[in-house]
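Novice: dropping a prediction and its sequence here:
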Amino acid sequence: EQGIGLDLQHQICLEQCPVDSSSQIYCRGTGTTQMSYPTHSLAGMICMPTASDLSNDIKHVFNNNPFVKTLFDAMEVTYDWEQLVVAAVVASVLSYFYIFCISLCANCLVWLCLLALVTIPTCLGLVYVYMSASPEIVVPNSIPGAITTGDTQNDLSFGLALCGIGILLACVAVFKARTIKLALSSIEEAADCIRQMPVLSIQPWISSAVTLLVFIPGVLGFLMLNMSGDLPKQVDLTSGQPVYSGDPLVAISLIYYLVIFIWILELLHAISQFVVMFTAQVWYFRMKGRDDSFWSQFSGYDMLYGYLYAVTYHLGSLLYGSFLCTLFRVLRMLAAMLVRASEETGNPVAQCFLKCFTCCLACAEKLVRAVTSLSYCDVAMNSTTYCEGAEHAFRLVQRNGGALVAVEGLAMVFSFVGIGVVSASTAATCWMMSNTFDRYSNPMSTHYVPDKQMLIFLHALIGAAIAIPFMHLFDSICDAIVYCNAAVSFQLPSSWGSSGGLFGWFSGH
């Protein structure tokens, strides 16, 4: 409104944002004609005023309205698709390079990863402590300005926590050095498997492509179902209310949809895990000289057989294991929602009980996932059912628990370091792009994103999401190798291998 400011209760849809004040625009909400003002397109969603006082009014509205702010942030970062593509490419290259380094020098990387786990949190914690003591170094378009929490007290607390984590990891590395050395043989065998069977390097892409084909339509369907309700004729941006009213039946449908959707994703993860373990076990017994056939030279067939067995013979076992993982994950999610509801009501007794219950569910979920992973190893090795495989896995864990824990711990170190390195490098690369190239740093550009912290966070998230399948590949190979070592050293019952599987395959069945 002229002489007053922006009328945020009546919006006007335009094909193109005005760049000056030379045109007149008709407002249907008020029935009047208003003069235009200089603006620039922001995230393809709104026409942001060039004047700082008017743009601050709009930003203030976004901060007060959580629904509009969330929608705006999502549209803002996804509109700049070029940087998102660059982030995906950088993360893919770095993930491949990390796996390649593991296959060449796993022994050296173990100690480098342990050193990184100690030094990186400690150094980053010292940076946060220094930022809390010297807030003047936190300026826009700088590294401190990109990583700060916005409050000196929070920076200090976060920095001290990171320093504590670094010191704790240093103590663990010192006191468990002997166990780490004993587990290095299995880690080196897993590295040999990756190097001698390069076809495994494409498995993360296959898994990611299939998951995306299911995940994207699933999320879109969830959003469409979530927005089932009555839409108002006029949206008031100044209020903090949702733009549609829900329905009780929609909530029930969302819960059912979410459970089935998570189950499908868990099944895809189980198939991917089974295929990697099957291929690694074939390589293990071939390495030990148990297969001299002509087809042993074609490692690509091993992975194809793994997919074939996963979706035919062992689909029921994978469905059962993925259902157990889904059940505990959904229960933990519901418990977390109840914890948030109890915090809003201010009932301390309910909060304590629900938090303890959530912690127990989280521990149970981790146990189920660990048992499921070892059960898949036995299913691939002996063609057993899920329950039989879990029983066999427990018996092996009782006799080789130390080695299993040590190898799992080292594999977790590799995974954490790899995800952290890929995620941080991807975020740093895109941060340099957004501050170096005029295409991304000029406010008048259509690819400009003013919220640099949100952009860096999204790029780091993309890097982590792409790195996780590659780290999962190495972790699954380590599980399969250490399970094979434990199974070979343990005197197998007569029932094992009677139904076929790898033991039966390599024993002439």
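Specialist: That came through fine. Numbers count the residues shown, from 1 in each chain.
Novice: which positions in the particular helix or strand that has Ala486 in it come out as buried?
Specialist: Element membership of Ala486, judged by DSSP states H and E, is helix 452-489. If you call a residue buried by 16 or more other CB atoms under 10 Å, then helix 452-489 has these buried ones: 452, 455-456, 458-460, 462-487. For glycine as for every other residue, the C-beta is placed from the backbone atoms N, C-alpha and C.
Novice: and for stretch 271-291?
Specialist: Judged by neighbour count (16+ other CB under 10 Å), stretch 271-291 contains these buried residues: 271-286, 290.
Novice: pretty sure Pro38 contacts Cys47?
Specialist: No. With contact defined as CB atoms under 8 Å, Pro38 does not count as touching Cys47 (9.6 Å).
Novice: now do the shared contacts for these two.
Specialist: Common neighbours of Pro38 and Cys47, using CB atoms under 8 Å, 6 or more residues apart in numbering, are Pro18.
Novice: when those two are compared, which one has more neighbours?
Specialist: Cys47 (20 against 15; other CB atoms under 10 Å).
Novice: would you say the more buried one is within a helix?
Specialist: No. Under DSSP: H, G, I helix; E, B strand; the rest coil, Cys47 sits outside any helix and is assigned strand.
Novice: sec struct for Pro18, please.
Specialist: Three-state call for Pro18 (three-state DSSP): coil.
Novice: surely it is in contact with Cys47?
Specialist: Yes. At 7.1 Å, Pro18 counts as touching Cys47 under the criterion of CB under 8 Å.
Novice: before we move on, which element is Gly218 in?
Specialist: Per DSSP H and E, Gly218 falls inside helix 203-226.
Novice: ditto for Leu117
Specialist: Using DSSP H and E, Leu117 sits within helix 106-133.
Novice: could you check the pLDDT of Val311?
Specialist: With respect to pLDDT, Val311 scores 90.
Novice: wait, Phe323
Specialist: 92.
Novice: could you measure from it over to Phe175?
Specialist: 39 Å (CB to CB, to the nearest Å).
Novice: who has more neighbours, those two?
Specialist: Comparing Phe323 with Phe175 by other CB under 10 Å, the one with more neighbours is Phe323, at 15 against 9.
Novice: how about that one, what does it touch?
Specialist: So Phe323 contacts Trp263, Glu266 (CB under 8 Å, 6+ apart).
Novice: now do the contacts for Cys113.
Specialist: Under the criterion of CB under 8 Å, 6+ apart, the neighbours of Cys113 are Val413, Phe414, Val417.
Novice: what's the overlap in contacts for Pro18 and Cys47?
Specialist: Common neighbours of Pro18 and Cys47, using CB under 8 Å, 6+ apart, are Thr39.
Novice: count of residues packed around the nearest residue to Phe261 once chain neighbours are set aside?
Specialist: Of all residues not flanking Phe261 in the chain, Gly218 sits nearest, at 4.9 Å (CB to CB, 6 or more residues apart in numbering). Applying other CB under 10 Å, we find 18 residues neighbouring Gly218.
Novice: among the buried residues of stretch 271-291, which lie within strands?
Specialist: Using DSSP state E, no member of the buried residues of stretch 271-291 sits in strands.
Novice: residue boundaries of the strands in the stretch 1-150 of the chain?
Specialist: For the stretch 1-150 of the chain, applying DSSP state E, counting those that start in this stretch gives strands covering 24-27, 32-35, 39-42, 46-49.
Novice: now Ser23: phi and psi?
Specialist: When read as degrees, to the nearest 10, the backbone of Ser23 gives phi -120, psi 160.
Novice: and for Arg369, the neighbour number?
Specialist: Arg369: 16 surrounding residues under other CB under 10 Å.
Novice: leaving out chain neighbours, which residue sits closest to it?
Specialist: Counting by CB to CB, 6+ apart, the nearest residue to Arg369 once its immediate chain neighbours are dropped is Cys325, at 6.0 Å.
Novice: can you tell me the SS state at that neighbour?
Specialist: For Cys325, the assignment made with three-state DSSP gives helix.
Novice: for Ile206, see how far away the residue nearest to Phe261 is.
Specialist: Per CB to CB, Gly218 is found 18 Å from Ile206.
Novice: same check, this time on Phe353
Specialist: Counting by CB to CB, the gap from Phe353 to Ile206 is 44 Å.
Novice: got it, and Thr152?
Specialist: As defined by CB to CB, Thr152 lies at a distance of 47 Å from Ile206.
Novice: same deal with Gln24?
Specialist: Counting by CB to CB, the gap from Gln24 to Ile206 is 57 Å.
Novice: what do you get for Val407?
Specialist: 25 Å.
Novice: out of the two, which sits in the more crowded spot?
Specialist: Under the criterion of other CB under 10 Å, the comparison of Val407 against Ile206 puts Val407 first, with 29 against 14.
Novice: the more buried one looks like it's in a helix, true?
Specialist: Yes. Checked against three-state DSSP, Val407 lies within a helix.
Novice: isn't it right next to Ile180, touching?
Specialist: No. With contact defined as CB under 8 Å, Val407 does not count as touching Ile180 (9.8 Å).
Novice: any idea which element Val339 lies in?
Specialist: helix 315-345.
Novice: oh, I was asking about Ile260
Specialist: helix 248-287.
Novice: could you find the closest non-adjacent residue to Ser434?
Specialist: Using CB to CB, 6+ apart and skipping the chain neighbours, the partner closest in space to Ser434 is Tyr440 (4.6 Å).
Novice: now do the helix or strand where the one you found lies, average pLDDT.
Specialist: According to DSSP H and E, Tyr440 maps onto helix 438-441. Throughout helix 438-441, pLDDT has a mean value of 71.
Novice: just stretch 82-93 next, same as before
Specialist: Rounded mean pLDDT across stretch 82-93 is 84.
Novice: quick one: distance of it to the chain centre.
Specialist: 16 Å (CA atoms, centre = their mean, to the nearest Å).
Novice: how many neighbours does Cys123 have?
Specialist: Residues near Cys123, counting by other CB under 10 Å: 12.
Novice: which of the three states applies to Thr384?
Specialist: The local conformation at Thr384, judged by three-state DSSP, is coil.
Novice: torsion angles phi and psi at the closest residue to it other than its chain neighbours?
Specialist: In this structure, Thr384 finds its nearest non-sequential neighbour in Asp378, 5.7 Å apart by CB to CB, 6+ apart. Torsion angles at Asp378 (phi, psi; degrees, to the nearest 10) stand at phi -70, psi -40.
Novice: my guess is Asp378 contacts Ala393. True?
Specialist: Yes. If you go by CB under 8 Å, Asp378 and Ala393 touch, sitting 5.5 Å apart.
Novice: between these two, which contacts overlap?
Specialist: By CB under 8 Å, 6+ apart, Asp378 and Ala393 have these common neighbours: Tyr483.
Novice: alright, I will stop here.
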